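>>> Compute the structure for the input listed below.
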Amino acid sequence: MPNVRVDRVEKPLGDRTCVGGEPGTIVVGYWDIRGLGSPVRLLLYYLDLDFVDRRYVQGDYDDEVPFSRDAWLSVKHRLGLDLPNLPYLFDAYGENAARPVALTETLPILRHLARTYGKLVSPYALGAFDPYMDMLANVVMELNGAASRAFYGSQSADQVFYAYTETMVPKMVALESYCWRHHVAATPKDTNPRFLSVQETGGTEPSYTDLFLVELLDLLETCIPGSLDAFPYLAQLRQNGLSLERVRTFLSSPSRAGLACNNKVAFVGSASRMPPPGKMKQLRLPAEVIAAAKDAVILSKDRIER
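Numbers count the residues shown, from 1 in each chain. This is a model prediction of the structure:
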């Protein structure tokens with residue numbers, strides 16, 4: 001189990017000295033939620049790498065400045081990042097100590113970690129050099145974007161369900177169909193695919209894309225129970241990932257346990273200690289929405305079989 005120091009930043013830094021990276025270690029910065037920080041934290045746990053988990057806390061709606069982001073904004077342009085954003089990564093570990101890596105954006109961070117440290121846990125290097133995993137990672141990121149827009153941009157349950165049907169289901173159908181095409185249609189005896197990495201490992205080992213997808217699918221099922229009911233292969237992939245020993249270690253760690261899915265302004269999965277009226281911790285998906293998603297999956301499989 002890695003040695004992880006959680007550093008919660010609750011107030012603006014003001015004129016105090018601002019530190020980005022730290023000598024000889026890895027620093028991850030993100031909000032004090034799961035969101036896009038969780039796949040990065042999960043990968044670090046999976047790689048058994050020590051790191052500093054720096055988490056910025058958003059203000060509540062009843063604060064003097066409602067939903068203030070000043071804990072992050074006060075340091076955003078003072079950390080030495082070329083393109084300041086969350087999540088960020090400073091990697092001054094091992095061979096990188098003399099010239100630390102400073103990155104923003106989730107996919108470049110995940111790819112850097114897999115390419116630099118992936119062979120510590122597998123000859124496959126977690127798919128760091130597998131172009132199919134890079135391709136699928138972009139689809140997973142698009143699904144994450146669709147989910148975020150639904151969670152943060154909606155003002156009613158109906159809007160969330162509409163966004164699920166119109167923007168999330170097409171991405172999930174694409175991923176479900178990928179599992180079907182490469183694990184089931186190609187090899188009929190394999191009806192229980194484990195992971196996406198079929199081209200290189202036959203699906204026996206997780207890639208960095210699998211870990212990203214497992215965390216995202218778990219977040220979707222937490223915020224909208226029933227999200228995976230129409231997607232048996234994605235649901236199985238999620239369970240396969242959650243059953244991995246290194247992933248189970250992460251789930252019970254301070255970097256994951258107890259964290260809200262989304263930030264305090266979100267309509268669903270809010271981190272607020274006192275959610276404003278109308279905000280919801282989760283929304284169960286209606287049966288008719290699940291049925292429509294199942295129809296989309298069946299149509300996609302019919303096209304593959306023709």
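>>> any idea how far residue 25 lies from residue 89?
Distance, residue 25 to residue 89, by CB to CB, to the nearest Å: 11 Å. For the C-beta atoms, the positions are set from N, CA and C on the backbone; glycine is no exception.
>>> what does residue 68 give?
Applying CB to CB to residue 68 and residue 89 gives a distance of 25 Å.
>>> For the two, indicate the residue with more neighbours.
For residue 68 versus residue 89, the count of surrounding residues by other CB atoms under 10 Å is larger for residue 89: 26 against 18.
>>> tell me the contacts of that one?
By CB atoms under 8 Å, 6 or more residues apart in numbering, residue 89 lies in contact with 26, 27, 28, 29, 40, 101, 102, 103, 104, 109, 112, 113.
>>> helix or strand for it, which one?
Using DSSP states H and E, residue 89 maps to strand 88-91.
>>> who touches the helix or strand following that strand?
Per DSSP H and E, the first helix or strand lying C-terminal to strand 88-91 is strand 101-104. Here strand 101-104 makes contact (CB under 8 Å, 6+ apart) with 20-21, 79-92, 109, 112.
>>> Report the mean per-residue pLDDT for strand 101-104.
For strand 101-104, the mean per-residue pLDDT is 94.
>>> quick one: strands adjacent to it?
Paired neighbours of strand 101-104 in the sheet (DSSP bridges): strand 88-91 (antiparallel).
>>> Export only the CA atoms of the strand it pairs with, formatted as PDB.
What follows is strand 88-91, C-alpha atoms only, in PDB (Å, rounded to 0.1, in the frame of the first residue of the first chain):
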ATOM      1  CA  TYR A  88      -2.600  18.500 -12.100                       C
ATOM      2  CA  LEU A  89       0.400  16.300 -11.500                       C
ATOM      3  CA  PHE A  90       4.000  17.100 -10.300                       C
ATOM      4  CA  ASP A  91       6.200  14.100 -10.700                       C
END
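>>> Okay, now the unreliable bits of the stretch 51-200 of the chain?
94-98, 184-193 (pLDDT under 70).
>>> ranges for the helices of it?
Listed in chain order, the helices of the stretch 51-200 of the chain (DSSP state H, counting those that start in this stretch) span residues 70-73, 106-117, 131-153, 157-163, 169-179, 198-201.
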